[in-house]
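# I would like the atomic coordinates for the input below:
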Amino acid sequence: MKFLLFSMAMALMVPIASNAQQGGRIPLSNAKSVQQTDQIILKLKTNPTAKVVDRLKTGNAFVDAVSKKYKAIALTKRLLGQKSQQFVYIIKFPTGTAMEMVLDAYAKTKQLEYVELDAMGSGGGIQSIPNDGEYSRQWSLKNDGNFWLSPATVGADVKMESAWNITQGDTNTVVCILDSGCKLDHPEFSGRIWNNRREIPNNQIDDDNNGYVDDYQGWDFVNNDNNPTDDMGHGTNITGIIGATGNNNRGYAGIDWRCKLMIIKGLNNINKGYYSWWASGLYYAVDNGAKIINLSLGGTSHSTMLQTAIQYAVNHGVVVVVAMMNFNTDAICYPAGFAGVIAVGSTNANDERSITFGSNMNAGSSYGSHISVVAPGNYIFGLHHLSNVDYNYYWCGTSQATPHVTGLAALLLAQNPARTLAQIKSIIESSAQDRVGTSGEDVQGWDPYYGYGRINAYRALLKTSLQTPPQSFQLSIYPNPNRGQFEILLNAELFEMNLIIKNVLGQQVFHQKIAAGTEQVTIQLPNDANGIHWACFYRDGQLQNTQKMVVNQ
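Sure thing, here's the model as predicted:
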């Protein structure tokens, strides 16, 4: 982001899934450190059946009375994905409204599943302008140790040139970049921008009946129109890292040279965005066929709406790659802290965690128990959102690390389109290069600073298949890693299974029978269990699925 590492907008959130039923007061956590927002998100327990004429009403009399009392000035109805047919309301109030009182009043109606402030977050990159450039600027793809802006180590890169010898991408892979938009007419993206073929351009009709008029090239949720053009630069940089066309005698090379790039605008011209914009963009991306979603953004407030949108993507097998953000602490940002995503930290050209970004001594790669992997994120040159020929800009941040992982996920899908979300995540993590850092933070195996290590595209693509049998069913294990208590979500297989958990030596440390039709299991590993383990699911003695687990006692 541009200046937002110092002043990132944070907002209050009031989950009331259980408390609201009693009409109880919901405490606002860390209120003194939170910047106020003037919008709320609410979801009704029961959708009104009567047609609503007033643009400021939901149709629920109790809720609408609160809106009227506090002088709501705008109301927007947002669909939570076409495949769910559920929706929320975004309600805006005049500047200076006492939002704590508004939230309390809504909660006491007892009509809501949840109500929360529509928090704001930001992109996770910092922009700078150096003097000159050539392909050697892209140290993240090939590091020869001669990068001039910072100390560099030979080979401290993602091994991209070797990876391109295996695959350079596939036009059938759709990657969504939910960011500040993109310079859609940049030559590096010629023929690469995703188009909604069900929509006839500029006829002022919602041809595909998805709620968005003329969305033939994505959508702008900031201005609520069909022009997701970048007006601040962050999104164009991210899109270029993922997908600038390589080997075309101009500019830079992206990770994937062929994938289609779905552009969703969810950050404004000062690099900020409401969570409701991000959640709506997630639903749009999933509903319109994105296989991978890049989220180089985040905020410090939890949000039920955003978490539900992430889960919607995960449930539909979409790979979601998210920046850890740049606070140089273990404080959790969202959506990186949600289950099912690949959370990405940043390394520098010396193969160390980015404890500073560029000349900014107040920012560094965040870390914590939710990190998956790290990737290069410091001094990452890229495309300019206002010029087709200016290549003199670089950005720094976990924002820039994240699209390296997104691009790798796209190449893995190009190599084998049948790969599942779980398989792609496992390949990226298990092929990552461990013990790259020299700071003492990068210990053997998973750690909270580097995750499983710095990604290695070549090693990932060499894994032509997981070292496990074909996955016969889907599952999700979270939080992963944690101290030993895991939740396992299954897709309700209609047969009995045995869950056996083994350590890295192959020794059994846990066994439990799982009844047919079970959807969720909570397990507690022994107190002496620590490090990497494997959850193995057997049916009739045959291994059906294997997932990695990490225990930090």
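
# could I get the full set of helices for the stretch 151-300 of the chain?
160-164, 234-243, 275-287 (DSSP state H, counting those that start in this stretch).

# residue nearest the centroid of the protein?
The centre of the chain sits closest to residue 322, judged by CA atoms, centre = their mean, with a distance of 3.2 Å.

# pLDDT weak spots in the stretch 51-200 of the chain?
52-53, 83-84, 125-135 (pLDDT under 70).

# let's go with 50 and repeat that
The model of the stretch 51-200 of the chain has pLDDT under 50 over residues 128-133.

# before we move on, back to that, is it true that the residue nearest to the centre of the chain touches residue 339?
No: here residue 322 lies out of contact with residue 339, judged by CB atoms under 8 Å, at a distance of 11.5 Å. (Each C-beta comes from the backbone N, C-alpha and C, glycine too.)

# what is the host helix or strand of residue 399 packed up against?
Taking DSSP states H and E as the definition, residue 399 sits inside helix 398-415. Helix 398-415 is packed against strand 174-179, helix 234-243, strand 292-295, strand 319-323, strand 342-347, strand 373-376, helix 421-430, helix 457-462, with contacts defined by 3 or more CB pairs under 8 Å, 6 or more residues apart in numbering; DSSP states H and E.

# if I look at the residue nearest to the centre of the chain, how far off is residue 287?
Residue 322 is 20 Å from residue 287, where distance means CB to CB, to the nearest Å.

# what's the answer for residue 212, then?
Residue 212 is 10 Å from residue 287, by CB to CB.

# more neighbours: which of those two?
Counted by other CB atoms under 10 Å, residue 212 and residue 287 do not tie: residue 212 has more neighbours, with 21 against 18.

# where does pLDDT dip in this structure?
In the chain (pLDDT under 50), the answer is 1-35, 128-133, 465-470.

# if we can go back for a sec, relative to strand 319-323, how tilted is the helix holding residue 399?
For helix 398-415 against strand 319-323, the angle by axes from the mean of the first three to the mean of the last three CA atoms, to 10 degrees is 160 degrees.

# can you give me the angle helix 398-415 makes with strand 342-347?
Going by the same axes, to 10 degrees, helix 398-415 makes 120 degrees with strand 342-347.

# hmm, residue 40 and residue 115 touching each other?
Yes: if you go by CB under 8 Å, residue 115 and residue 40 touch, sitting 6.1 Å apart.

# any chance you could map the strands in the stretch 451-553 of the chain?
475-478, 485-490, 497-503, 508-514, 520-524, 531-539, 542-551 (DSSP state E, counting those that start in this stretch).

# can you pull the buried residues of the last one?
If you call a residue buried by 16 or more other CB atoms under 10 Å, then strand 542-551 has these buried ones: 544-551.

# go on, the fifth one?
Buried residues in strand 520-524, counting neighbours by 16+ other CB under 10 Å, are found at 521, 523.

# now do the fourth one
Residues of strand 508-514 classed as buried: 510, 514 (neighbour count, 16+ other CB under 10 Å).

# my read is that residue 496 contacts residue 537, right?
No: using CB under 8 Å as the test, residue 496 is too far from residue 537 to be in contact (10.9 Å).

# which residues are in contact with each of those two?
Both residue 496 and residue 537 are in contact with residue 514, where contact means CB atoms under 8 Å, 6 or more residues apart in numbering.

# identify the residue nearest residue 501 in space, chain neighbours excluded?
Closest residue in space to residue 501, ignoring its immediate chain neighbours: residue 510 at 3.9 Å, by CB to CB, 6 or more residues apart in numbering.

# same question for residue 166.
residue 461 (4.4 Å).

# so who does the one you found touch?
163, 166-167, 411-412, 415.

# and those residues, which is closest to residue 227?
residue 411 (29.7 Å; CB to CB).

# need the strands for the stretch 51-200 of the chain, in chain order.
74-79, 87-92, 112-117, 120-123, 126-128, 174-179.

# closest one to residue 220 among those strands?
strand 174-179 (11.3 Å).

# each with direction, which strands does that closest one pair with?
strand 260-265 (parallel), strand 292-295 (parallel) (DSSP bridges).

# export the ones you listed to TSV and tack on distance to residue 422?
Shown next, in TSV, are the strands paired with strand 174-179 (distance: least, CB to CB, whole Å):
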stretch	distance to residue 422
strand 260-265	22
strand 292-295	14
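
# what is the neighbour count of residue 339?
16.

# leaving out the residues flanking it, which one is nearest to it?
Closest residue to residue 339 apart from its sequence neighbours, by CB to CB, 6+ apart: residue 478 at 3.6 Å.

# gap between that neighbour and residue 411?
26 Å.

# likewise residue 461?
Counting by CB to CB, the gap from residue 461 to residue 411 is 6 Å.

# I appreciate the help and will end here.
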